[in-house]
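Asker: 3D, please:
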Amino acid sequence: MALYLYKAWDAKGTLVAGEVQGENARTVKAELAKKGLIPREVSSKEMRLELPSFLRRKRKVESKELIAITRQFAALFKAGVAMDRILTLLTRQTSDPRLQQALGEIQRNVSGGVALSEAFSRHPDCFDELYVNMLVVGEHGGGLDKTLTQLAEVLAKEHRVIASVKSATLYPRIVITVFILVFTGMMSYVVPRFADFYAGYGATLPLPTRMMIGLSDIVVHQGYIVLLVVLAGIFGFKSVLLTPRGRFQWDRLQFKFPVFGRLNRMVVNARFAHLVSALYRSGVSLSRTLGVVGKVMGNKAYEGEVQEINLAVQKGTPLSIAMEGKRFFTPLLVESVAVGEQSGMLDELLDSTARFYDEEVSDMLSRMTTLIEPLLLVGIFFMVGLLALAIFLPMWNVTKLILPGG
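Answerer: The predicted structure is shown next:
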């Protein structure tokens, strides 16, 4: 008999977890079914390899896949296809295994009488609170196809912003990675041969050459220590980020970085405006909208301020007044909210502000890319020049090296 870990749904639809002994996974699932539980995951505890928590975290579902199935969902529902058939088709369409499994379970749950939003909420690793709450709005408001279309648009806008940031930083990352690899190769194989060559003359080498040879000795003879220190630093940093306080401090620090701090601020303000506009336009109350948005912003420091604003709004404070004095909200966004509240067009003004920030982010990334490329080239040429100077400087004084008294 082996010990198995399981996750299963009870009769109320709540996901429960525990341990149970059994001969194999099949008998464990059968035993759980006898207890009225629907197994979701069963695995042997003895065979589980416990890794650090940041290495065990599941990779997120690709946003492109999520956008695609949301658009297909909207189109199929608008065409009048039955819900059971829609979910079956979506399960077949997606190429992501986790989405396939989640959609398959959702289809079975919905066929069994579970509400659509409730079935989706059982898979938070695939569908966040924003997604689920939009489904709730669509179910209760009777316009599920419009809600899904709007949700797909919001997800697509966020995907474009994230993709543009990744694209802008791709070239610098490639250049820096290649330079580090080339530099390490030169320090490990090229410089030691020049050092052996110059050592035969017994002359005093120029300072740049001595510094380069010393660095080469560290890479060759103590490189593993440097590597261990770097890996330990990365491990420690990742571990700190898993703590609530560490995550909060790091997210807050991101707003203080030169240049990138302003960029991060514009990105999260655009995301806030997009999400609040979409939920509020769909008929979700402002308090509930802020409650949902305060959990899906992706920045704990910003989420903390959203939650503080929500508490003030629940006490009757106007949204614009509650936003005043908050460090991470831009004056433009606060002013747009104030005008929107006065005119009764809050969702429209928020959407307009979000589109403005999207354009600002795009322009800023374009300018940064244009500026970073020549700076990287200058930096690389400078480092290559120093290496060349350190290697060949002794050769320019080769007479003194060969004939120290000459």
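Asker: please make it C-alpha for all contacts and neighbour counts, starting now.
Answerer: Noted.
Asker: and stretch 283-293, which residues are buried?
Answerer: 284, 286, 287, 288, 289, 290, 291, 292, 293 (16 or more other C-alpha atoms under 10 Å).
Asker: with stretch 67-87 instead?
Answerer: By 16+ other C-alpha under 10 Å, the buried positions in stretch 67-87 come out as 67-77, 83, 86-87.
Asker: so how far is that stretch from its chain's centroid?
Answerer: Offset of stretch 67-87 from its chain centre (C-alpha atoms, centre = their mean, to the nearest Å): 28 Å.
Asker: pLDDT weak spots in the protein?
Answerer: Residue ranges of the chain with pLDDT under 70: 1-2, 9-15, 44-59, 141-142, 201-203, 397-406.
Asker: mind splitting it into its structural domains?
Answerer: Listed domain ranges for the chain are 2-48, 63-156 (source: automatic domain parsing).
Asker: including distance to residue 330, could those domains go into JSON lines?
Answerer: Shown next, in JSON lines, are those (distance: least, C-alpha to C-alpha, whole Å):
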{"stretch": "domain 2-48", "distance to residue 330": "40"}
{"stretch": "domain 63-156", "distance to residue 330": "21"}
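Asker: which among those domains is found nearest to residue 225?
Answerer: Across the domains of the chain, residue 225 has its closest neighbour in domain 2-48 (30.5 Å, C-alpha to C-alpha).
Asker: neighbours of residue 157, just the number please.
Answerer: Using other C-alpha atoms under 10 Å, residue 157 has 18 neighbouring residues.
Asker: can you tell me the element it falls in?
Answerer: helix 144-185 (DSSP states H and E).
Asker: equivalent analysis for residue 5, please.
Answerer: Taking DSSP H and E as the criterion, the element that holds residue 5 is strand 2-9.
Asker: direction included, what does that strand pair up with?
Answerer: Strand pairing for strand 2-9, determined by DSSP bridges: strand 15-22 (antiparallel), strand 38-44 (antiparallel).
Asker: quick check: which of the domains of the chain is nearest to residue 339?
Answerer: Judged by C-alpha to C-alpha, the one of the domains of the chain that comes nearest to residue 339 is domain 63-156, at 22.8 Å.
Asker: just the angle for the longest helix seen in the chain relative to helix 144-185, thanks.
Answerer: When the chain is parsed with DSSP state H, its longest helix is helix 346-396. Using axes from the mean of the first three to the mean of the last three C-alpha atoms, to 10 degrees, the direction of helix 346-396 lies 10 degrees away from that of helix 144-185.
Asker: from the chain's centre, how far out is helix 346-396? Work that out for me.
Answerer: 21 Å.
Asker: CSV please, covering the buried residues of stretch 283-293 and showing distance to residue 32 and secondary structure.
Answerer: Converted to CSV, the buried residues of stretch 283-293 look like this (distance: C-alpha to C-alpha, whole Å; DSSP: H, G, I helix; E, B strand; the rest coil):
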residue, distance to residue 32, secondary structure
284, 39, coil
286, 42, helix
287, 40, helix
288, 37, helix
289, 38, helix
290, 39, helix
291, 36, helix
292, 34, helix
293, 37, helix
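Asker: export these to a markdown table and tack on distance to residue 178?
Answerer: Shown next, in a markdown table, are the buried residues of stretch 283-293 (distance: C-alpha to C-alpha, whole Å):
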| residue | distance to residue 178 |
| --- | --- |
| 284 | 50 |
| 286 | 49 |
| 287 | 49 |
| 288 | 48 |
| 289 | 45 |
| 290 | 44 |
| 291 | 44 |
| 292 | 42 |
| 293 | 40 |
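Asker: list the contacts of the residue nearest to residue 101 when sequence neighbours are not counted.
Answerer: Nearest non-adjacent residue to residue 101, counting by C-alpha to C-alpha, 6 or more residues apart in numbering: residue 91, 7.7 Å away. Contact analysis of residue 91 by C-alpha atoms under 8 Å, 6 or more residues apart in numbering lists 99, 100, 101, 103, 104.
Asker: let's see that with 7 Å instead.
Answerer: Residue 91 makes contact with 100, 103, 104, according to C-alpha atoms under 7 Å, 6 or more residues apart in numbering.
Asker: so residue 251 sits against residue 302, correct?
Answerer: No. With contact defined as C-alpha atoms under 7 Å, residue 251 does not count as touching residue 302 (8.0 Å).
Asker: the two: which is more packed in?
Answerer: residue 302 (25 against 19).
Asker: in what helix or strand does that one lie?
Answerer: For residue 302, the host element (DSSP H and E) is helix 300-314.
Asker: mind giving me the packing neighbours of the next helix or strand after that helix?
Answerer: Using DSSP H and E, the helix or strand that follows helix 300-314 in sequence is helix 319-323. Judged by 3 or more C-alpha pairs under 7 Å, 6 or more residues apart in numbering; DSSP states H and E, helix 319-323 is in contact with helix 300-314, helix 331-343.
Asker: buried ones in the shortest one, by neighbour count?
Answerer: In this case it means helix 331-343. Buried residues in helix 331-343 (16+ other C-alpha under 10 Å): 333, 334, 335, 336, 337, 338, 339, 340, 341.
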